[in-house]
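Chemist: Whatever this is, show me its structure:
(one chain, ligands or ions: 1)
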Amino acid sequence: MHLSANETTMPRLHLIGTVGLLLVVTLAMAVFYSWRNEREQRTAFARIEQVITQQQHERLTTEMQSAVSYLEFQRRRTEDVMRRSIVEQVDAAMQIAQAIYDREAPHRPPAQVQKLITEALRPARFFEGRGYFFIDDMQGRFVLLPTAPQYEGRAGIDNRDDTGNYIMRGLINAAYLPQGTGFFRYRWYRPDTPKLMADKLAYVRHFAPYDWLIGTGDYLYEWEALQKREAMQRLRGLRFGASGSVGLIDAEGRSLLSPNNPALEGLLPAQMPELEQRALQKLRDVAQAGGGFVEYEWPRPGAREGEPLGRKTALVTTYAPWGWVLVTSMFNDELHSRLRAETRAHEAGNIQQRVELALMVLGALALGVAGSFGFSRWSRRLFANYHSELQQAQENLRIAAIAFESQEGIFVTDTRGVILRVNRSFTEITGYSAEEAIGQTPALMKSGRHGPDFYAAMQEAITTTGAWSGEIWNRRKSGAIFPEWLTITAVKTEAGEVTHYVSTLTDITQRKAAEEEIRHLAYYDPLTRLPNRRLLLDRLQQALRSCQRMQRQGALMFIDLDNFKLVNDSLGHEQGDLLLQEMGRRLVASVREDDTVARLGGDEFVVVLEGLSAQPWRAAQEAETVAEKMLCALAAPVTLDGHEVRGTCSIGVVLFANDQARTEDLMKHADLAMYQAKESGRNTVRFFDPEMHAAVVQRVALEQDLRTALQEGQLRLFYQPQVDAQGRIVGAEALVRWSHPRRGLVSPSAFIPLAEDTGLILPLGQWVLQTACTQLARWATEPGREQLTLAVNISGRQLRQTDFVAQVLQALQQTGAPAHRLKLELTESLLLDDPEDAITKMSALKAHGVGFSLDDFGTGYSSLAYLRQLPLSQLKIDQSFVHNLVTDPRATAIVRTIVTLADSLGLNVIAEGVETQEQREHLARNGCHTCQGYLYGRPGPVEELMR
Ligand SMILES: Nc1nc2c(ncn2[C@@H]2O[C@@H]3COP(=O)(O)O[C@H]4[C@@H](O)[C@H](n5cnc6c(=O)[nH]c(N)nc65)O[C@@H]4COP(=O)(O)O[C@H]3[C@H]2O)c(=O)[nH]1
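Modeler: This is a model prediction of the structure:
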């Protein structure tokens with residue numbers, strides 16, 4: 001049967017259960033108490049029975065003891081009775097003899113008197129015919145012997161019994177006693193068995209007149225038999241209780257006394273009916289075993305044929321003196337009637353107890369049922385409340401379950417952080433299925449983007465506030481890292497103990513993207529995707545701080561497209577927008593990655609340059625260069641809607657060196673400069689600072705002049721000698737000079753950087769190389785000079801040219817200069833730009849015999865490993881070490897190290913900037929013997945070198 005529990009059936013079932021249980025318990029209690037009562041009653045009955053039996057035994061014992069006492073008494077008085085009787089008889093005979101003597105003696109002779117006396121006593125018989133008188137004289141002759149008159153007159157003094165006793169002499173002695181009387185015991189033939197003797201007691205009196213003794217006697221056993229009969233008679237009448245009596249059995253088993261069944265008396269067991277025979281035998285057996293209690297079946301007195309037998313308890317003992325078995329007995333019924341009375345009384349009490357128990361049980365039951373109904377009603381109400389609460393809880397659970405499967409990823413962990421449950425959204429977001437996630441910890445999703453401090457802070461927040469929420473980067477199953485908004489809440493018991501942690505996570509990738517988009521919109525120009533004014537100001541601020549920190553100059557440039565309005569008006573806004581985008585792209589391409597290109601709106605762009613040189617004029621030049629580059633880039637034609645448009649612009653520049661400058665001022669100044677540029681004819685650059693502007697102008701002029709110089713051959717090559725340990729010129733370094741028509745001889749330091757910036761270094765370098773090779777070829781033909789080497793400075797830009805190797809080889813070939821006399825001087829910094837390319841090119845040239853000298857050695861960062869890879873032939877100690885050689889021990893140490901290094905690498909070493917003899921000696925002591933410097937000669941025309 002299927003029982004369904006609901007709010008209706010539950011209380012009902014509860015009631016049925018309670019009442020049923022009550023019934024069962026009540027019944028069990030009733031049964032238990034009844035059983036216990038019964039057991040107690042049985043115990044009580046057993047005890048009563050035991051007591052009664054004990055009483056019965058005591059009674060039988062008492063009666064037995066009195067019967068035995070009586071028999072003993074009876075047996076003991078046998079002789080007394082007998083003595084009294086024979087004394088009486090002898091006294092009577094004496095009276096007769098005395099009377100006869102007294103009456104006849106005076107008249108008759110003694111013989112006649114004697115005859116009268118003897119004859120008078122002769123017939124006398126007593127004691128049932130056994131008794132008679134005898135007379136003997138004191139000399140031992142029979143005077144009267146009625147039983148054997150033939151012996152009268154004869155002497156019997158020597159007569160003896162079967163034990164040897166002298167009979168006559170005993171009698172005479174008894175009569176002689178002072179009193180003249182006495183008893184004498186002897187043995188004499190029994191009348192019933194004449195051959196056997198039995199104990200006899202005689203009493204004699206002295207009859208003085210004739211010196212006779214007169215006496216009589218009797219057998220003792222006869223008197224004992226009399227006592228027995230008397231005793232039996234007495235016991236027969238003895239009764240105790242209702243059925244108690246005393247029975248006797250003789251030694252042969254004959255029933256002597258059977259008060260309840262006198263018919264048995266005198267019968268031997270074999271003559272008795274079977275039942276009695278069995279009972280008697282049992283009694284005899286017990287007697288033979290020493291006596292004791294015994295039970296046996298016995299007909300009830302006066303019972304008719306077929307009536308049930310009674311059960312008797314008897315105490316059996318043996319009375320040894322007479323050889324009798326004494327039996328005191330009672331019917332058990334007699335005692336058991338008391339037991340029955342007790343039982344009846346008990347039962348009456350028992351019934352009452354049962355009734356009381358039943359009433360109590362019923363009362364308890366009624367109370368229990370009533371209570372159950374009451375309790376049921378109460379519990380029904382309680383259950384209804386519970387049920388509605390349960391429904392509410394289920395509803396909450398259902399809502400929770402729906403909530404659990406919400407859009408947010410949810411996972412639940414235990415206190416150790418082991419994931420117990422995840423929802424569908426969790427799987428959708430992270431890619432981990434429930435099976436994969438459960439049993440793992442959230443470390444499964446760790447992105448590695450947060451350090452231990454982040455997680456420690458998270459744990460700290462959960463411990464102190466019970467929750468943490470924030471952005472966190474996690475890793476999906478696919479390995480992709482994504483941002484999520486994570487909320488961790490500790491679930492606590494009412495006691496405040498944490499049992500679980502519920503974590504909700506939202507994938508905020510899109511939100512982040514949107515935020516980024518918003519941020520972008522806030523900081524970037526939507527059209528060109530370039531930073532807007534706000535971000536520009538921010539970057540400018542940063543640039544100011546950076547320049548301050550780095551001790552560098554920076555530049556702010558305002559760029560305005562000269563013909564934008566025209567394009568916009570003529571080709572439309574869309575084309576205008578395209579032009580702006582293109583201009584933006586070109587501006588970005590014109591600057592370094594770290595620089596900022598922003599659009600303020602319309603056709604206004606702003607560029608912030610950072611990390612310019614510390615010297616203002618140099619920084620201005622650099623800014624100018626960039627500005628020129630921009631002008632150039634923007635000036636390139638753009639095709640818009642089929643029309644080719646050239647986007648010239650005007651650029652205003654303002655330099656800044658530290659954060660003292662205010663951004664607004666800088667913006668204003670750059671704007672101003674830009675307007676000046678516009679006014680000065682467009683497609684031009686203007687500096688806000690006039691000095692700067694002048695420097696820039698000068699630089700532009702210099703550049704122009706240098707171009708002219710190159711074209712018009714104003715450059716000249718000077719030679720500075722390089723000498724060996726003996727002071728012999730072994731070669732020279734070629735150093736360029738500019739013979740300016742107005743400024744005179746211009747130092748290479750003034751125009752080489754400009755030439756490098758502008759790219760003029762390439763034609764310049766080419767010219768130097770060509771000129772040097774020409775000179776080298778010439779020396780090769782001049783006697784005494786054919787061994788001279790010539791060192792030529794090579795700039796980075798030159799080396800980076802893809803056809804550099806070809807240019808050098810071509811110069812050698814064209815001039816016919818010996819390659820192994822040519823030494824190209826390179827600086828460490830230029831080698832570091834692209835070492836592999838440098839090594840490749842150097843190796844290619846070295847293969848033709850061209851040597852390489854590492855210039856300014858010691859100022860860079862060359863490592864031994866790096867030096868090994870370079871196909872060098874010489875290290876050139878920088879002149880800064882040479883200058884300090886005498887004064888600074890560290891300089892000496894460096895020089896020594898360089899010499900050792902060169903030795904170990906198999907390279908030559910040369911010191912430059914040697915000005916004094918002291919320096920030279922110092923160098924020589926430290927192993928450097930080849931020198932170059934003013935001590936040997938300043939750079940000058942080739943003619944000077946030879947002098
Ligand atoms: N104080 C002092 N100075 C001495 C002494 N001996 C030589 N000098 C100077 O030290 C410079 C050595 O040349 P550098 O280190 O290659 O340094 C050169 C080199 O880097 C560069 N340079 C010169 N000519 C050329 C060239 O043809 N091509 C390239 N790319 N650079 C060149 O210009 C730099 C300067 O050249 P210069 O003005 O000629 O300056 C030369 C030279 O006049 C001395 O005893 N004391």
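
Chemist: show me where the stretch 651-800 of the chain has helices.
Modeler: Assigned by DSSP state H, counting those that start in this stretch, the stretch 651-800 of the chain shows helices spanning 663-679, 690-712, 748-758, 761-781, 796-800.

Chemist: Would you mind putting these into CSV with distance to the ligand, mean neighbour count and mean pLDDT alongside?
Modeler: Bear in mind the C-beta positions are built from the backbone N, C-alpha and C, glycine included. Listed next are those as CSV, based on distance: least, CB to the nearest ligand atom, whole Å; neighbours: other CB atoms under 10 Å; pLDDT from 0 to 100:
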stretch, distance to the ligand, mean neighbour count, mean pLDDT
helix 663-679, 33, 19, 85
helix 690-712, 13, 16, 80
helix 748-758, 4, 18, 85
helix 761-781, 4, 20, 95
helix 796-800, 7, 19, 90
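
Chemist: now those helices in JSON lines, with distance to residue 301?
Modeler: Shown next, in JSON lines, are the helices of the stretch 651-800 of the chain (distance: least, CB to CB, whole Å):
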{"stretch": "helix 663-679", "distance to residue 301": "152"}
{"stretch": "helix 690-712", "distance to residue 301": "168"}
{"stretch": "helix 748-758", "distance to residue 301": "167"}
{"stretch": "helix 761-781", "distance to residue 301": "170"}
{"stretch": "helix 796-800", "distance to residue 301": "161"}
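
Chemist: Find the residue closest to the spatially most central residue of the chain in space, skipping its chain neighbours.
Modeler: Nearest residue to the geometric centre of the chain (CA atoms, centre = their mean): residue 416, 12.3 Å. Once flanking residues are discounted, residue 416 sits nearest to residue 441: 7.9 Å by CB to CB, 6 or more residues apart in numbering.

Chemist: so who does the one you found touch?
Modeler: 413, 416, 417, 418, 419 (CB atoms under 8 Å, 6 or more residues apart in numbering).

Chemist: Next: residue 684.
Modeler: 631, 650, 651, 677.

Chemist: partners of the third one in the sheet?
Modeler: Here residue 651 sits in beta bridges with residue 559, residue 685, going by DSSP bridges.

Chemist: Please report the distance of it from the ligand.
Modeler: Applying CB to the nearest ligand atom, to the nearest Å, the value for residue 651 to the ligand is 30 Å.

Chemist: For whichever strand or helix holds residue 316, buried residues please.
Modeler: Assigned by DSSP states H and E, residue 316 falls within strand 310-319. Across strand 310-319, burial judged by 16 or more other CB atoms under 10 Å covers 310, 312, 313, 314, 315, 316, 317, 318, 319.

Chemist: on that earlier part again, where does the residue nearest to the centre of the chain fall, phi/psi-wise?
Modeler: The phi/psi pair for residue 416 (degrees, to the nearest 10) reads phi -90, psi 0.

Chemist: count of residues packed around residue 67?
Modeler: By other CB atoms under 10 Å, 23 other residues sit near residue 67.

Chemist: Residue 245 is in contact with that one, correct?
Modeler: No - using CB atoms under 8 Å, residue 67 is not in contact with residue 245; the gap is 10.2 Å.

Chemist: What are the phi and psi values at residue 182?
Modeler: Per degrees, to the nearest 10, the backbone of residue 182 is at phi 170, psi 160.

Chemist: Also residue 600?
Modeler: Note on residue 600: its backbone torsions stand at phi -90, psi -20 [degrees, to the nearest 10].

Chemist: where's residue 565 relative to the ligand, distance?
Modeler: 46 Å.

Chemist: just residue 634 next, same as before
Modeler: Residue 634 sits 31 Å away from the ligand, taking CB to the nearest ligand atom as the criterion.

Chemist: Now do the SS call for that residue.
Modeler: Secondary structure, DSSP: H, G, I helix; E, B strand; the rest coil: residue 634 is helix.

Chemist: got the contact list for it?
Modeler: Counting by CB under 8 Å, 6+ apart, residue 634 touches 559, 561, 583, 586, 587, 647, 648, 649.

Chemist: what do you get if the cut-off is 6 Å, keeping everything else the same?
Modeler: For residue 634, the contact set (CB atoms under 6 Å, 6 or more residues apart in numbering) comprises 583, 586, 647, 649.

Chemist: who wins for most neighbours among the residues you listed?
Modeler: residue 649 (28 neighbours).

Chemist: Show me the helices in the stretch 501-650 of the chain, by range?
Modeler: So, for the stretch 501-650 of the chain - with DSSP H, counting those that start in this stretch - the helices run 509-523, 533-550, 564-571, 573-590, 616-635.

Chemist: of the buried residues of strand 310-319, closest to the ligand?
Modeler: For these, the closest approach to the ligand (CB to the nearest ligand atom) belongs to residue 313, at 156.1 Å.

Chemist: In this structure that closest one contacts residue 295, no?
Modeler: Yes - under the criterion of CB atoms under 6 Å, residue 313 lies in contact with residue 295, with a separation of 5.2 Å.

Chemist: Dump the helices of the stretch 501-650 of the chain to a markdown table, plus mean pLDDT.
Modeler: As requested, those are exported to a markdown table (pLDDT from 0 to 100):
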| stretch | mean pLDDT |
| --- | --- |
| helix 509-523 | 85 |
| helix 533-550 | 90 |
| helix 564-571 | 81 |
| helix 573-590 | 92 |
| helix 616-635 | 89 |
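
Chemist: Could you say which of those is packed most deeply?
Modeler: The highest mean neighbour count among these, using mean count of other CB atoms under 10 Å, belongs to helix 616-635: a mean of 20.

Chemist: How far off centre is that one?
Modeler: Helix 616-635 sits 75 Å away from the centroid of its parent chain (CA atoms, centre = their mean, to the nearest Å).

Chemist: What strand or helix carries residue 488?
Modeler: Residue 488 belongs to strand 481-492 when elements are defined using DSSP H and E.

Chemist: quick revisit: adding distance to residue 202, write the helices of the stretch 501-650 of the chain out as CSV.
Modeler: Compiled in CSV, these are given as follows (distance: least, CB to CB, whole Å):
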stretch, distance to residue 202
helix 509-523, 158
helix 533-550, 175
helix 564-571, 196
helix 573-590, 184
helix 616-635, 190
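
Chemist: how about these, which one is nearest residue 890?
Modeler: With CB to CB as the measure, helix 533-550 is the member of the helices of the stretch 501-650 of the chain nearest residue 890 (27.5 Å).

Chemist: CA-only coordinates of that closest one, as CSV, when you get a sec.
Modeler: Output of helix 533-550 as CSV, limited to C-alpha atoms (Å, rounded to 0.1, in the frame of the first residue of the first chain):
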residue,chain,number,x,y,z
ARG,A,533,42.2,67.9,-27.3
ARG,A,534,41.6,66.3,-23.9
LEU,A,535,44.1,63.5,-24.4
LEU,A,536,46.5,65.8,-26.1
LEU,A,537,46.6,68.1,-23.0
ASP,A,538,47.1,65.0,-20.9
ARG,A,539,49.9,63.8,-23.1
LEU,A,540,51.4,67.2,-23.2
GLN,A,541,51.4,67.3,-19.4
GLN,A,542,53.1,64.0,-19.3
ALA,A,543,55.7,65.1,-21.9
LEU,A,544,56.4,68.2,-19.8
ARG,A,545,57.1,66.0,-16.8
SER,A,546,59.1,63.5,-18.8
CYS,A,547,61.3,66.2,-20.3
GLN,A,548,61.9,67.6,-16.8
ARG,A,549,62.9,64.2,-15.6
MET,A,550,65.1,63.3,-18.6
